[in-house]
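> got a predicted model here, sequence first, then my questions.
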Amino acid sequence: MTVGFIVDLEFTWGFQCRVAGLSKTSPSFYYPPPTVILGGIAESIARKYNIGENDGKKLIPMLSRNLLAIGIKPLNCIPITYQALSRIIAVREAGGVRYPTPEPKYILKSFDAPARGHTLLSTVEDDAPQMKLFAVFKGDEIKFGEKGFKLSENDFWRIHRLGSKESLVSVLDVVKVDDSTLNKTRNATIETTYSFPIGGDFDVKIVGRPKGLWVEEEYIDPFKVEGYDERENPIVNYMFGKKLIKFKVPLRSVGDFMEKPTCKLEIRGNIVAYEYKGEVVIGYG
């Protein structure tokens, strides 16, 4: 049975989710991509059931197969992307020496200091930056090898970062919406304030001019993560342009911060609008 989770997230400062494949000075996305969110949920489940990191990555494809819709929206913040110099370990071979190395005479050459992308979530009020996530799954049973897990509110409460290790988040609220209270609309014109996929086989048409500021970002398709290993790696797929999908992403505007970005959509075919108490996210059905 379909189940939805609406999660309020509070960021410490912002996050770092860099675009793969654009050299070592790659920028950061406006918001954590959907696959990063699935990774945050998978990491929470892995810690709960004492699953190691290598096996824990296999939870992401399991969540992807069960995923129907995922969207995110800002509550009180504006993303500001920038790049800052960071000292990192440089893995390479030069002059017959493999780096990094603990040898004192080469140790300084074991590091590099490229500009790396960050996203600062700036607010115009006293609270920390907050965002709301709405995800819908086919059911709360997650198959993992011979085991099976039940997806619960606790798995979202335990999310502690989205992005790099510096990208800490706190969960403020989690609402689980079961099938009987999750409204589903097909072949209609609806409004949403959440990010949503567009293009490809995702049959939606924007009606009129969206209210507020919306931009497009290209992510790994969160509905088609088939594996997470050397043969099927989302990061490698992104670098080669495979299994990508565009998302329309809402941004708060500095000019009118109180205006909520809203987009009116005509949904068709197998596309469904999932609604609970005025919160609408678009996905498959």
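All right, it came through fine. Residues are numbered from 1 along each chain as shown.

> show me what the lengthiest helix in the chain is packed against.
Assignment by DSSP state H gives helix 34-48 as the longest helix of the chain. If you count contacts as 3 or more CB pairs under 8 Å, 6 or more residues apart in numbering; DSSP states H and E, helix 34-48 packs onto helix 53-56, helix 59-66, strand 67-74, helix 153-157, strand 213-220. Where you see a C-beta, it was placed from the backbone N, CA and C, and this is true even at glycine.

> deepest in the core, which of the ones you listed is it.
Of all the helices and strands packed on helix 34-48, strand 67-74 has the most neighbours on average by mean count of other CB atoms under 10 Å, namely a mean of 24.

> what does it rub up against?
For strand 67-74, contacts defined as CB atoms under 8 Å, 6 or more residues apart in numbering pick out 2, 4, 31-32, 34, 37-38, 121, 129-138, 192-196, 222-223, 250-252, 261, 272, 274, 281-285.

> quick one on the thing from earlier: to Thr81, which of the helices and strands packed on helix 34-48 lies closest?
Thr81 lies closest to strand 213-220 among those, at 10.9 Å (CB to CB).

> kindly format the C-alpha coordinates of that closest one as PDB.
The C-alpha coordinates for strand 213-220 follow below in PDB (Å, rounded to 0.1, in the frame of the first residue of the first chain):
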ATOM      1  CA  LEU A 213      11.400  31.700  -9.400                       C
ATOM      2  CA  TRP A 214      12.000  28.200 -10.700                       C
ATOM      3  CA  VAL A 215      15.200  26.800 -12.200                       C
ATOM      4  CA  GLU A 216      16.200  23.400 -13.700                       C
ATOM      5  CA  GLU A 217      18.800  21.000 -12.500                       C
ATOM      6  CA  GLU A 218      19.800  17.700 -13.900                       C
ATOM      7  CA  TYR A 219      20.100  14.800 -11.500                       C
ATOM      8  CA  ILE A 220      20.600  11.000 -11.600                       C
END
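
> in its sheet, what does that strand sit against?
Strand 213-220 sits in its sheet next to strand 244-251 (antiparallel), going by DSSP bridges.

> what's the first helix or strand after the partner strand?
Beyond strand 244-251 in the direction of the C-terminus, DSSP states H and E gives the next helix or strand as strand 263-276.

> how far does that next one sit from its chain's centre?
The chain centroid and the centroid of strand 263-276 are separated by 20 Å under CA atoms, centre = their mean, to the nearest Å.

> pull out the buried positions in that strand.
Of the residues in strand 263-276, Cys263, Leu265, Ile267, Ile271, Val272, Ala273, Tyr274, Glu275, Tyr276 count as buried by neighbour count, 16 or more other CB atoms under 10 Å.

> in a markdown table: those, plus distance to Ile235 and pLDDT.
Formatted as a markdown table, these follow (distance: CB to CB, whole Å; pLDDT from 0 to 100):
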| residue | distance to Ile235 | pLDDT |
| --- | --- | --- |
| Cys263 | 29 | 97 |
| Leu265 | 30 | 95 |
| Ile267 | 31 | 95 |
| Ile271 | 28 | 96 |
| Val272 | 30 | 96 |
| Ala273 | 31 | 97 |
| Tyr274 | 29 | 97 |
| Glu275 | 34 | 97 |
| Tyr276 | 33 | 97 |
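
> for those, which one is nearest Thr25?
Distance to Thr25, by CB to CB, is smallest for Cys263 among the buried residues of strand 263-276, at 32.3 Å.

> spit out the contact partners of the closest one.
Going by CB under 8 Å, 6+ apart, Cys263 touches Glu191, Thr192, Thr193, Phe196, Ile206, Pro210, Lys211, Trp214, Lys248, Pro250.

> any idea which of those residues is closest to Cys77?
Nearest to Cys77 among the contacts of Cys263, with distances taken as CB to CB, is Pro250, at 11.6 Å.
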